[in-house]
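>>> Sequence plus the predicted model coming up.
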Amino acid sequence: MSIEIPVLRLGMAGYTGEQQKFALAAAAAASNGRARWEIAAFTEADGWWLDGGRTVLLPDQHLRVQPATASDRPVQLALSDVDRPVAFSVPVTAPGFRPAVTFQLGEQGDTTRVLNLFSDWLEVMLSQFALASSIAENQPRLASGSWEVLRGSDLLAVVDLKLGAGVRPGVTSKDFVEASWCIRDHGAVVIPPGYPRASVSQVMWQYAQRSERELLPSHYRSQPLYFRRPPRLPQRQLKDAHLLVIRELAANPGMNFNGLQQATGLGTEALARVLSALYVVGSITSNPKRASAPVLRAAVADDGTVANSDIFQSVMDSKPRPPDLPRRVISDMTAPVPLMRD
């Protein structure tokens, strides 16, 4: 098994280009076998650094971070909505504001400490990445069912399409190198207390956002593609690009990779990443027999034959849609199917 090191992304607000160089050095110093840090767009980041000297406390516990240069835009946040680690470089000048985590930007030991602290807070996600990497590695031989992942007698994870995925906190991809995937009878597995649980779709979706592995099968770059079902995820996790591709495939079943590029304007790498994420959660298929019902009718020829007969069976994409689940008439093509909400 190849060992994947997850990438964690640091977003910054209120800093000059010269100050961001300190952050680049800190990211390199904090990268290790557990995670690798890189600087990223603010909205895409796993953790935030905010310049305390440019942070203003507004009414209703909102923060406004003033830009360092005229070409940048201010950032405004509601503290109650912050869902990721955040730290402020000193000095913090907003009267009455006492952030929980501060650091000295120019001190490498201090910046490394903060990023390591961020990694600790993101431990569950890092462990889920390690599990998802093992799923992707073992995918060809994994069938639908209940699985325990063991390293010797140690239980690393449990994967069950009904219960979800539970993984022991603190495990890394290295722990899965010599692990065994052991299938169990349905209903025979239990996710132990203390093993954070998430749906298999959630685990694989987050993995697809970070992995550098080629997750999209090669034939998905040439064969017709079809919309299968909505991602079983909170809607806020889908970006505009995902919704755009879903809309195109729902409206125009059978589009291929090149056609999607022309319709969406996405570059090759960006489109491949979007399709990879939709693929690992079972939302797209190259087999029209597995497409959603309106797409299936469009893909069947006059003589009743189906254009493509290959089937992708996987632990990520193996649960059929219940036949009695009512279907929604597609009218709003921004999101052509109902998505999970928080």
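Arrived safely. Numbering: from 1, shown residues only.

>>> who's in contact with the residue nearest the centre of the chain?
When CA atoms, centre = their mean is applied to the chain, the residue found nearest the centroid is Gln206 (2.1 Å). Shown in contact with Gln206 (CB atoms under 8 Å, 6 or more residues apart in numbering): 125, 128-129, 132. (C-beta placed from N, C-alpha, C; glycine too.)

>>> Adding neighbour count, write these out as a markdown table.
Output for the contacts of Gln206, formatted as a markdown table (neighbours: other CB atoms under 10 Å):
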| residue | neighbour count |
| --- | --- |
| Met125 | 19 |
| Gln128 | 25 |
| Phe129 | 26 |
| Ala132 | 30 |
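
>>> So which of these belong to strands?
Using DSSP state E, no member of those sits in strands.

>>> any weak-confidence spans in the stretch 1-150 of the chain?
Across the stretch 1-150 of the chain, the ranges flagged by pLDDT under 70 are 1.

>>> mind listing the strands for it?
Per DSSP state E, counting those that start in this stretch, the stretch 1-150 of the chain carries strands over the ranges 7-13, 36-39, 47-51, 55-58, 62-65, 75-78, 86-89, 102-103, 146-151.

>>> could those be laid out in CSV, adding distance to Gly166 and mean neighbour count?
Converted to CSV, the strands of the stretch 1-150 of the chain look like this (distance: least, CB to CB, whole Å; neighbours: other CB atoms under 10 Å):
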stretch, distance to Gly166, mean neighbour count
strand 7-13, 22, 22
strand 36-39, 25, 17
strand 47-51, 24, 24
strand 55-58, 38, 16
strand 62-65, 35, 19
strand 75-78, 32, 15
strand 86-89, 28, 24
strand 102-103, 34, 18
strand 146-151, 10, 19
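
>>> who wins for proximity to Val177 among those strands?
strand 146-151 (8.7 Å; CB to CB).

>>> counting contacts, what elements does the closest one pack onto?
The contact analysis (3 or more CB pairs under 8 Å, 6 or more residues apart in numbering; DSSP states H and E) places strand 146-151 against strand 154-160, strand 180-184.

>>> okay, those strands, which one's buried deepest?
Compared across those, strand 154-160 shows the largest average neighbour count, a mean of 22 (mean count of other CB atoms under 10 Å).

>>> Okay, now the sheet partners of that strand, with direction.
Paired neighbours of strand 154-160 in the sheet (DSSP bridges): strand 146-151 (antiparallel), strand 164-167 (antiparallel).

>>> ok, now which ones touch Leu260?
Contacts of Leu260 by CB under 8 Å, 6+ apart are 225, 245, 248-249, 266, 271, 275.

>>> Touching, Leu238 and Pro231? I think so.
Yes: counting by CB atoms under 8 Å, Leu238 does reach Pro231; the two are 6.5 Å apart.
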